[in-house]
Each structure stands twice: as C-alpha cells, then as structure tokens.
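Here's a sequence, model it:
(chains A and B)
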Amino acid sequence: MTPPGGVRARAEILARGDGHGRTALPLLAGEGPLAVRRTRGTGTGARVLLVGAMSGPLGGDHFTVTARAAAGARLSVGSAAATLALPGQDRAGARHEVRLAVDDDAELRWLPEQLISAHGSDLEVVTRVDLAPTARLVLREEQVLGRAGEEPGRLSSRLTLRIGGHCLLDQELACGPGAPAGWDGPAGLGGHRAVGQLLVARPEFATEPPVTRMLAEGAALLPLPGPAVLVSAVAPDGLRLRRLLDAALAALG
Amino acid sequence: MNRAALLVLADGRFPAGGYAHSGGAEAAVKAGRLTDTASLEEFCRGRLHTSGAVAASLAAAAALGLDPGALDRAADARTPSPALRAVARRLGRQLVRAARAAWPHQRLDALVRDFPKGAHQPVVLGVAAHAAGLGPEDAAYCSAHEGVSGPATAVVRLLGLDPFEATAVLARLAPDVDRVARDAVAAAHRAAREGIDTLPARSAPLLEIGAEAHAAWPVRLFAS
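Just a heads-up that it's a prediction; the model follows:
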C-alpha cells in the first residue's frame, strides 16, 4: 500500500578518480524503491545499476536521484529494467527528479532503460544536468507512451543542460490526457508512441561541432549553442526508438 | 495605451518578412501529416501550445523590459534545431529594421548594436511592442496570433485549401490564443520575479525534426 502522500525516496551516487587512473565510488546510497548497485565496469570506469525501478513511481511518489562524477571519474549508470509509471491511490501526480553533475576531467554515461507511461498514471520527470566546461556526457532519455496497445498516462518531462553555468538546452515535453491540446497532432508526436533524446557533450565539440543532419525520417542530430548535441527522435515504439538512438550514438563515434 | 499600434504590428502586411515562412507547415505537408482543414487545426493548436507559448512568453518578457540578451539566450536554449535558431534570428533582423522605421526607440537601436546577426524574433517583437507604446499582453497576443496565422496562410498555398476554411480555423483557435497570451503574460511576470529560467520551455518534437528535414531540401516554397 502506498501511504497517503506517497513514497519519498532518494538515491545518491558519487564517483571520483582514485588518483591511480581508476574510478572510486565514495558514495553509493539508495532507499526504499530506489536501490543502487555497483556492477562490473569496463576498463577503468565504474558502472552502477539502478535496480527495483519496476515498483514505481506511483501517484504521489517523489523520487530523487543524484549523481556526480568528480574529477578523474568515468561513471556509467544504467537501470536493471524499464521504469513503469503507474496510477496510485493518491490522486496527486508522481515526481521523478534526476540531478546530474560532472566536473572537469570527468565523464558520465547516463543510460537508463525506458520510461513507460501506463494508462491512468501522472508523472512529472525533471532532469537537470550541470557540466563543468571540460566535462563529458552521454545521456539518453526514452519515453514510451502506454504499454502495448494502451492509451498513455499523463507525462511531462523537462530536460535542462548547463555547461559552465550557461544553459544550452531547456526542453519540456507534455503528453497524454491533460497535456495541452495538439501534443499528438502533426506538430507534436503525430501518432508516434515513443519519443527520445540523446544528449552528448564533449569539450572538443567547441572547436569541431558535429554537422546538423537527419538520421532517419523521425530523428535529427541538432548541435546546441555550445559544445553539445541533442539527438531528437520519435518512433512508433520503444524498440525502434532505441535503434535510432543507438545508431545516432554510433554515428557520433 | 496605443491599441491601434497593435493592429499595425500584428498586420500580416507589416514588412517583417513573415510571409516567406510557413512555421513548419510545409515540412508537415510534405510528410503527409498535414492534409486538410482538420489536420491544419491540430497542427496549429499543437504549435500554439508549445513553441507558440514559448515565443509569446519571450515576447511578453521583452515587452516587460527584461534583459534582451538573457531572453535571447533563453530562446536559444529552447530551440535545439539550428535551422530554427537561424530562422528566428533572420526574422528578428527583418523585424527590427521595420520596427525602427515605424517606432524609433533606443531599445531597438540597442538590439541592432548588440545583435549584429539578429536577436530571436520573439525578443525583438517584445521590444518593438514596447517601442510602439504597447504592453506585454499586446506582445504576447501578437506573437501567439502570428504563430498560427503564418501556417494557416501558408497551407492555403501549399494545399490549395479554401481561404475561408483556413480563416475559420483561426477563429476556432481564438480561445486557445487567449489562454496562451494570458499564460505568457503571467510567465513573463514570474520571470521578472524569479528569473528567466522559469519561462516555459514546451517543445514539439516534429517541428524541430521537420525543420531540419525542410532546411535540407534543395527546392521549397517557404523559407521555413
């Protein structure tokens, strides 16, 4: 049973270089439905999995995930399963906050599984990324509107990227019942049921920015006004969306 | 208050170059998403509540006197498509030229000086409204209206749609325009109190993606 007011849970990850070229995790903490596990990393980096994401968020829940890659860290974060937003007993919507920070000489790869907005759910996702000027980032967000053949719930997401305190991207997407009219029309999603973003920041983009291009009919690579690119994609379903975003990441090298 | 100036500024014949742009309608027609009066209405409604709402808020904030440089950066962050950023600056450059002739004002002179490549059109529109003696609500209305009237006019040419039908679409959208303009003014006042980051950032994925597809075509009827 979800108590009145929903569950409040936090997870925190802190990674930093250990001074010997490897990545240490001085802080790795989760609570309640948000558990975090260190898994076998590749090379000198650290890899962390968010587990137990299946259990929520339900209406009224408020989850906060914080991750910071400090100098020298190579941190990769994934999730064990898709996150399913479900309706709760609480009439209030759920909120899922993600705050990411990457210092100079550090890298964060934030590659969670899809977020699925189930019928009747109401979720607000806020992702805020703060990068130091030479930080490196790969971030993927995928929203799937409804399980197979199901009408979606209400989903709003806001993604902001700051580099050196300067805001390069502030993008909000609202879908489902209660979203401003026209969200699924020919300007919005045009009937597509999966929408995703891949955000890549690299200091070398400041001097050699990638070229704007269409990657597929529903996907474009968009250089932002600074050393970062956004791949914006829509697809009929989550599987095809993942293929588009994987191909985009491979194309960036 | 100088309400007649709003009619001049919002007039489709105001020589600011807007007639050359379809607001994404040409790309949507080519992709087969915009085919008739009903889909035009859905297109315009979606555009109005996303990039239209953002533009109206920026215009209202600029008319309110917020820093055009900070608003221009906020517009950049809310426009991930480089093609749309370039279009917004080109339209801003054209608008500042017409507005300076119509309503000479030091804030317009400052825009020309500080943005040699042009500022985002909604920011210029807000400053132009101020120069014309208009307020944030007028700027928001003007922005929201042209955000839907542009595509509606373009679709008459692109699809050979009956102009009466296209105008009826705009009439049906009027309550939405009212709401967007009202929300934009509230957002501008909030930005003045709490910072420009609080301005709305609603996006329409197919407008951004479609704008890049459109920019790559060798031949097109509209500039965007």
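
CA only for contacts and neighbour counts going forward, please
OK.

what's in contact with stretch A:14-24?
A:25-28, A:44-46, A:67-75 (CA atoms under 8 Å, 6 or more residues apart in numbering or on different chains).

need the contact list for whichever residue of chain A sits closest to chain B.
The nearest approach of chain A to chain B comes at A:Gly182, 3.7 Å away (CA to the nearest CA). Contact analysis of A:Gly182 by CA under 8 Å, 6+ apart lists A:188, B:42-47, B:49.

and it, helix, strand or coil?
Judged by DSSP: H, G, I helix; E, B strand; the rest coil, the three-state class of A:Gly182 is coil.

can I assume A:Leu100 is in contact with A:Val129?
Yes - A:Leu100 is within contact range of A:Val129, at 4.7 Å (criterion: CA atoms under 8 Å).

Helices - which of the contacts of stretch A:14-24 land there?
Among the contacts of stretch A:14-24, no residue falls in helices (DSSP state H).

Could you give the bridge partners of the residue nearest to A:Gly32 when sequence neighbours are not counted?
Leaving aside its chain neighbours, A:Gly32 sits nearest to A:Ala9 (6.1 Å; criterion: CA to CA, 6 or more residues apart in numbering or on different chains). Judged by DSSP bridges, the bridge partners of A:Ala9 are A:Phe63.

Count the neighbours of A:Ala9 for me.
When neighbours are counted by other CA atoms under 10 Å in any protein chain shown, A:Ala9 registers 17.

got the contact list for it?
Contacts of A:Ala9 by CA under 8 Å, 6+ apart are A:30-34, A:62-64.

Make a PyMOL selection of the buried ones in these.
A single PyMOL command is used to select the members of those judged buried by 16 or more other CA atoms under 10 Å in any protein chain shown:
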select buried, chain A and resi 30+33+34+62+63+64
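
With respect to A:Glu113, which of the contacts of A:Ala9 is nearest?
Nearest to A:Glu113 among those is A:Leu34, at 14.5 Å by CA to CA.

For that closest one, give its distance to A:Arg91.
Taken as CA to CA, to the nearest Å, the spacing of A:Leu34 relative to A:Arg91 amounts to 22 Å.

Quick check: the gap between the most centrally placed residue in chain A and A:Val195.
Nearest residue to the geometric centre of chain A (CA atoms, centre = their mean): A:Glu141, 3.8 Å. Distance, A:Glu141 to A:Val195, by CA to CA: 8 Å.

B:Val219 now?
B:Val219 sits 29 Å away from A:Val195, going by CA to CA.

out of these two, which sits in the busier spot?
A:Val195 (24 against 9).

Looks to me like the more buried one is in a helix.
No - counting by three-state DSSP, one finds A:Val195 to be strand, located in no helix.

That one and A:Leu244, how far apart?
Counting by CA to CA - A:Val195 and A:Leu244 are separated by 11 Å.

Common neighbours of these two, please.
Common contact partners of A:Val195 and A:Leu244 (CA under 8 Å, 6+ apart): A:Ala233.

Next to chain A in this structure, residues from chain B, please.
Within reach of chain A by CA under 8 Å from any CA of the partner chain, chain B has these residues: B:24, B:28, B:33-34, B:39, B:42-47, B:49, B:73-74, B:76-82, B:200-207, B:209, B:212-213.

Tell me which residues are up against stretch B:46-58.
By CA under 8 Å, 6+ apart, stretch B:46-58 touches A:180-188, B:71, B:75, B:78, B:122-123, B:126, B:139-144, B:147-148, B:176-177, B:180-181, B:183-185, B:187-188, B:199-204, B:207.

if I look at A:Leu123, how far off is B:Val219?
43 Å.

Can you classify the nearest residue to B:Ala25 once chain neighbours are set aside by secondary structure?
Excluding its sequence neighbours, the residue lying closest to B:Ala25 (CA to CA, 6+ apart) is B:Pro151, at 5.5 Å. Assigned with three-state DSSP, B:Pro151 falls in the helix class.

who's in contact with B:Pro151?
Residues in contact with B:Pro151 (CA under 8 Å, 6+ apart) are B:21-25, B:44.

Next up, the contacts around B:Ala154.
B:21-22, B:25-26.

Which residue, other than its chain neighbours, is closest to the residue of chain B found nearest chain A?
The minimum distance from chain B to chain A, using CA to the nearest CA, falls at B:Gly46 (3.7 Å). Nearest non-adjacent residue to B:Gly46, counting by CA to CA, 6+ apart: A:Gly182, 3.7 Å away.

Name the SS class of the residue of chain B closest to chain A, please.
B:Gly46 ends up helix, using three-state DSSP.

Count the residues that sit near it.
Count around B:Gly46 with other CA under 10 Å applied: 27.

How about the one 3 residues further on?
Around B:His49 sit 25 other residues, with neighbours defined as other CA under 10 Å.

What's the local residue count around B:Ala140?
If you count neighbours by other CA under 10 Å, B:Ala140 ends up with 35.

count of neighbours near residue 201?
Using chain A. So A:Ala201, with other CA under 10 Å, has 26 neighbours.

actually chain B
Applying other CA under 10 Å, I find that B:Ala201 has 25 neighbouring residues.

give me phi/psi at it?
Per-residue torsions, B:Ala201: phi -140, psi 30 (degrees, to the nearest 10).

quick one, what contacts it?
Applying CA under 8 Å, 6+ apart, the residues contacting B:Ala201 are A:158, A:170-172, B:50-51, B:54, B:78.

What about those, which are in strands?
Of the positions in the contacts of B:Ala201, A:158, A:170-172 sit in strands, assigned by DSSP state E.

can you list the residues of the stretch 151-253 of chain A near chain B?
So the stretch 151-253 of chain A meets chain B at A:158, A:167-174, A:180-190, A:212-214, A:218-220, A:222-225, A:230, A:232-234 (CA under 8 Å from any CA).

and A:Gln89, that one's in a strand?
No - secondary structure of A:Gln89, determined by three-state DSSP: coil, with no strand assignment.

what's the spacing between it and A:Ser121?
11 Å.

One more: A:Val51?
21 Å.

Same question for A:Leu100.
Distance, A:Leu100 to A:Ser121, by CA to CA: 25 Å.

Tell me which of the two has more neighbours.
A:Ser121 (26 against 21).

who's in contact with that one?
For A:Ser121, the contacting residues are A:58-59, A:85-88, A:93, A:152-155, by CA under 8 Å, 6+ apart.

and the residue lying closest to it once chain neighbours are set aside, how many neighbours does it have?
Among residues not flanking A:Ser121 along the chain, A:Pro87 sits closest, at 4.0 Å (CA to CA, 6+ apart). A:Pro87 is flanked by 24 other residues according to other CA under 10 Å.

thinking again about what came up before, out of the ones in strands among the contacts of B:Ala201, which is nearest to B:Glu194?
For the ones in strands among the contacts of B:Ala201, the nearest to B:Glu194 is A:Asp170 (16.4 Å; CA to CA).
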